[in-house]
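Novice: here's a sequence, model it:
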Amino acid sequence: MASEAQDKKRLIREIRTVLRQEQVLLRRQPWGAEAGRIIERFSTGGKLWRGSLLIRAHRWYCGDAETAVYPLAAATEIMHAGLLIHDDIMDRDDKRRCRPAIHRELSIMGEAKRLRDCPHFGLSLAICLADLCFFLAQGIIAKISPDTARQKRLARITTEEYSQVILAQMSDVELGATRARVCPAQITRLYLYKTARYTFSLPLMLGALLAGQPDKELKQLGRFGAYLGLVFQLKDDDLGLFGQESQTGKPAGSDIRAGKQTLLRSYLTRQATPRVRARLETIFGNRDASPDDIILVKQLAEKYSARADIKKLMTAYSKKAGAMIPSLAISARYHWAMRRLIQDNLVRRR
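Specialist: Residues are numbered from 1 along each chain as shown. Presented below is the predicted three-dimensional model:
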């Protein structure tokens with residue numbers, strides 16, 4: 001059986017292969033070759049979590065991965081690349097993975113060419129580049145299976161899940177701009193559709209679909225993945241404040257400066273005194289919040305047990321995922337791998 005490291009190496013090769021197969025299409029336009037190079041580098045430079053999970057899920061049901069699973073896994077990573085590019089633009093994040101975000105990289109490229117209005121140039125080209133990721137990924141997905149019925153199911157599931165991601169992103173933008181207090185249920189729903197299902201449920205369901213599993217099993221697997229995905233987002237929130245930039249790739253406190261509505265923020269503001277709450281409101285959403293401001297939020301999150309409460313919630317979701325394992329149509333010999341996935345998700349540092 002292939003190891004996770006071997007799966008990732010093969011996934012990187014597959015991403016490069018499917019993109020190079022599109023070179024004839026890309027090279028019809030002056031920007032095609034450069035766009036292809038940027039997409040290849042960006043889509044292979046992350047954790048490759050979603051594509052690797054898709055391959056693993058397929059193996060849990062089949063015992064080995066069939067050829068079609070690799071292009072599908074590559075497509076999920078290319079789609080993810082496009083979503084990240086758009087996400088950094090909307091969040092006004094200039095760093096990703098310890099280097100300039102794509103829109104900032106393209107802006108710098110514009111400066112080197114002595115173009116006018118380089119920030120707008122970078123944003124505009126990044127939007128186009130992300131759109132290109134979406135179309136290339138959909139093109140790959142459309143060619144995955146010669147089985148018409150299976151291909152229709154594949155198209156239906158990917159369309160439904162990615163559409164929910166975009167609608168959740170719209171909610172994220174609105175919640176980040178609102179002056180009203182946001183309740184935990186709203187934030188949890190946002191987490192579910194913006195991150196949880198797209199990061200875990202979708203890859204798991206696609207791997208199972210290619211393995212010939214029925215919709216009933218996919219629905220159960222989607223629930224299992226949703227619990228893991230909620231933990232993933234909660235852990236991201238924690239790392240975004242308490243993690244090391246060298247590991248997360250983004251400055252600590254970037255979500256605070258962006259005014260993101262997170263459960264950590266919700267718990268903290270609800271548990272703090274009115275005076276402390278008023279001080280926090282001057283920090284959240286303040287693009288000029290100082291490093292000392294971020295340190296203060298960290299201290300208060302510990303003092304008022306907001307961080308501890310989030311950890312308890314992550315543990316609860318992880319236990320719910322673990323309790324579902326026996327109900328899935330997966331051989332018991334893979335249960336240890338599923339439990340390790342739950343644990344790795346809970347303790348990751350990047």
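
Novice: pLDDT of the lengthiest helix in the chain, averaged?
Specialist: Secondary structure of the chain read by DSSP state H shows that its longest helix is helix 148-177. Here helix 148-177 scores 94 as its mean pLDDT.

Novice: same check on stretch 78-88?
Specialist: 97.

Novice: can you give me the buried ones in that stretch?
Specialist: Buried positions in stretch 78-88, judged by neighbour count with 16 or more other C-beta atoms under 10 Å: 78-88. For the C-beta atoms, the positions are set from N, CA and C on the backbone; glycine is no exception.

Novice: which ones among the residues you listed map onto strands?
Specialist: Among the buried residues of stretch 78-88, no member falls in strands (DSSP state E).

Novice: and the angle from the following helix or strand past the longest helix of the chain to helix 148-177?
Specialist: For helix 148-177, the following helix or strand on the C-terminal side (DSSP states H and E) is helix 184-191. Interaxial angle, helix 184-191 versus helix 148-177 (axes from the mean of the first three to the mean of the last three C-alpha atoms, to 10 degrees): 140 degrees.

Novice: pull the helix or strand that helix 184-191 is followed by out as CSV, backbone CA atoms only.
Specialist: Counting by DSSP H and E, the next helix or strand C-terminal to helix 184-191 is helix 202-210. Extracted C-alpha coordinates of helix 202-210, given in CSV (Å, rounded to 0.1, in the frame of the first residue of the first chain):
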residue,chain,number,x,y,z
LEU,A,202,-16.2,16.5,-0.6
PRO,A,203,-12.8,14.8,-1.0
LEU,A,204,-14.1,11.8,1.0
MET,A,205,-17.3,11.6,-1.0
LEU,A,206,-15.5,11.8,-4.3
GLY,A,207,-13.1,9.1,-3.4
ALA,A,208,-16.0,6.9,-2.3
LEU,A,209,-18.0,7.7,-5.4
LEU,A,210,-15.1,6.6,-7.7
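
Novice: so what secondary structure elements neighbour helix 202-210?
Specialist: Of the remaining helices and strands, those touching helix 202-210 by 3 or more C-beta pairs under 8 Å, 6 or more residues apart in numbering; DSSP states H and E are helix 49-62, helix 69-91, helix 148-177, helix 215-242.

Novice: swap the cut-off to 6 Å and go again
Specialist: helix 49-62, helix 215-242 (3 or more C-beta pairs under 6 Å, 6 or more residues apart in numbering; DSSP states H and E).
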